[in-house]
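Peer 1: Could you look at this predicted model? Sequence included:
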Amino acid sequence: MNASQKRLFEEARKRNPDLKMPSETKPPANWSEADLQLVKQGVGDKSSRPATPAAAMGDATGEAPSGEQPGSVVTYFEAKGFGFLRPDDGGRDIFFHVSRLSEGLATDLRPGTRVLYELGMDRTGKMAASSLRIPPPAAPAAAE
């Protein structure tokens, strides 16, 4: 434990004197099949997600399905795979993760990029974009 972790632990111990110092022991090497299944269901496992992408729920005209809201990317940290978008109707910026991008390319997520998103919650229970897509650009009018 580093110094800041020890300080936090000591503060927590003041509130709860029965709190024990976490041990530095390693997990057992002989895990059961049930343990391995639980590990497999971790953050990276997407097998429980529906097979059809969220964008398929919209109609073929490219209009937003109900529940989708327009916004634009404020920041995107490509190395980390997350960013924030600003709703068109105002309000607080909304967190999004690149894994929730259902239509479009991650390389297109630059500040100012127009997006359509649905609100949901992240794994900690905070508000986040649950489905994110970059709509195709509007067809230019014929200038002839």
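Peer 2: Received, thanks.

Peer 1: ok, then the element right after the helix or strand bottoming out on mean pLDDT in the chain?
Peer 2: Across the helices and strands of the chain, mean pLDDT, DSSP states H and E gives its lowest value to helix 33-40, namely a mean of 71. Elements were assigned by DSSP states H and E; along the chain past helix 33-40, the next helix or strand is strand 69-77.

Peer 1: For stretch 109-125, buried residues please.
Peer 2: 109, 113, 115-118 (16 or more other CB atoms under 10 Å). C-beta coordinates here come from the backbone N, C-alpha and C atoms, glycine included.

Peer 1: residues in contact with that stretch?
Peer 2: Here stretch 109-125 makes contact (CB atoms under 8 Å, 6 or more residues apart in numbering) with 43, 54, 64, 67-76, 78, 83, 85, 94-98, 101, 104, 127-135.

Peer 1: Kindly list the longest helix within this structure.
Peer 2: Secondary structure assigned by DSSP state H gives helix 3-15 as the longest helix of the chain.
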